[in-house]
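J.: how would this look folded up:
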Amino acid sequence: MEKHEDIVKNQMMANDSFSKWLGIELKEIRLNYCRLQMAVRKEMTNGFGIAHGGITYSFADSALAFASNSGGEQSVSIETSISHIKRVEVGDILTAEAVELVKTGKTGIYDVKITKEDGSLVALFKGTVYRSGKLWE
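T.: Numbers count the residues shown, from 1 in each chain. Prediction:
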């Protein structure tokens, strides 16, 4: 029998075209936690020549999705926010770490930190998910 974490890797990631386009690598996943990594490419930049804010937002949102579904119950975001702290440039290797902070009956709140290779904090993301009650098969 597959563990819930394996289901996320084998089903969610396999069908997640956007995360694949971002170049996300799933480095670690366990119950209510995941760590992702990706490299910033030129086509991800804005008119200032730095990474578009939507790139770090999407990266964090993917981390939220994988972490919140790692328990085997299908979960979707219902509220998210991000604070952009430091500029991100082409060639930067980013890491997103998502961890559950609070779990209630049908919702969960997660914290996602995005850092550069040197450990400097790039963005802080907070997400609330709704747990549907439907299990991954």
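J.: contacts, neighbours, all on C-alpha from now
T.: Will do.
J.: So for the helix or strand hosting residue 29, what gets flagged as buried?
T.: Assigned by DSSP states H and E, residue 29 belongs to strand 25-30. For strand 25-30, the neighbour count (16 or more other Cα atoms under 10 Å) marks 26, 29, 30 as buried.
J.: beta partners for the second one?
T.: Okay, so that is residue 29. residue 34 (DSSP bridges).
J.: Can you check what pLDDT the model gives it?
T.: On pLDDT, residue 29 comes in at 92.
J.: For this protein, which segments are assigned as helices?
T.: 4-7, 17-22, 53-69 (DSSP state H).
J.: ranking these by burial, who's on top?
T.: helix 53-69 (a mean of 23; mean count of other Cα atoms under 10 Å).
J.: mind saving the C-alpha coords of that one as PDB?
T.: Taking C-alpha atoms only, helix 53-69 is exported to PDB below (Å, rounded to 0.1, in the frame of the first residue of the first chain):
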ATOM      1  CA  GLY A  53       6.300  38.200  -7.900                       C
ATOM      2  CA  GLY A  54       4.000  35.500  -9.200                       C
ATOM      3  CA  ILE A  55       6.900  33.100  -9.500                       C
ATOM      4  CA  THR A  56       7.600  33.000  -5.800                       C
ATOM      5  CA  TYR A  57       3.900  33.100  -5.100                       C
ATOM      6  CA  SER A  58       3.300  30.100  -7.300                       C
ATOM      7  CA  PHE A  59       6.300  28.300  -5.900                       C
ATOM      8  CA  ALA A  60       4.900  28.800  -2.400                       C
ATOM      9  CA  ASP A  61       1.400  27.800  -3.400                       C
ATOM     10  CA  SER A  62       2.800  24.500  -4.800                       C
ATOM     11  CA  ALA A  63       4.600  23.800  -1.500                       C
ATOM     12  CA  LEU A  64       1.300  24.500   0.300                       C
ATOM     13  CA  ALA A  65      -0.600  22.100  -2.000                       C
ATOM     14  CA  PHE A  66       1.900  19.200  -1.500                       C
ATOM     15  CA  ALA A  67       2.200  19.700   2.300                       C
ATOM     16  CA  SER A  68      -1.500  20.000   2.900                       C
ATOM     17  CA  ASN A  69      -2.300  16.900   0.800                       C
END
